[in-house]
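> Provide a 3D model corresponding to the input given below.
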Amino acid sequence: MSKTKIEQIKSKITSETLHYIIRYSDYKQGTQRQDVAPPENFLQLSLLNYDKGKTFKPHKHIYKKNDGLTIAQESWIVLRGSVRAIFYDLDDSIIKETILNNLDCSVTLKGGHNYEILEDNTLIYEYKSGPYKGQALDKEFI
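Predicted coordinates:
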């Protein structure tokens, strides 16, 4: 299975990766999820490719235990296809259901969310604030 080409731009001073470029034209079919940024970074990026019917457990992100002030925030950008987005209030009640189409974007700052893929080969950029230290320290299911 071929992966999407991801260009890493490295520092000439330290050789650490400073930037990434992911071109839509380089996307390779067949990969459901490809994490782009390593989990220790503050900005997490994954390229998602799911078929109709794929869904997730409704969840909300929780405050980080190390400081009690930082919470994971998440954004989806639909590149191709459509997604049903369900958004939850602070008390876990549904406050909005909507359809996201090509080039639509959702941003969750607080509260919960769930997504259901409505078309085969739906392609999404998923951004999250990190660092990611595992599901138990990141989210709580509704």
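> residues contacting Glu40?
Gly130, Pro131, Tyr132 (C-beta atoms under 8 Å, 6 or more residues apart in numbering). C-beta coordinates here come from the backbone N, C-alpha and C atoms, glycine included.
> just Glu126 next, same as before
Gln44, Leu45, Ser46, Leu47, Leu48, Glu74, Ser75, Trp76.
> and the residue nearest to Lys57 when sequence neighbours are not counted, how many neighbours?
Leaving aside its chain neighbours, Lys57 sits nearest to Phe141 (5.1 Å; criterion: C-beta to C-beta, 6 or more residues apart in numbering). As a burial measure, Phe141 scores 11 neighbours (other C-beta atoms under 10 Å).
> which residues does Phe141 contact?
Lys57, Pro58, His59.
> what's the distance between it and Ile62?
11 Å (C-beta to C-beta, to the nearest Å).
> got it, and Arg23?
Counting by C-beta to C-beta - Arg23 and Ile62 are separated by 34 Å.
> more neighbours: these two, which one.
A direct count of neighbours by other C-beta under 10 Å for Arg23 and Ile62 places Ile62 higher, at 13 against 10.
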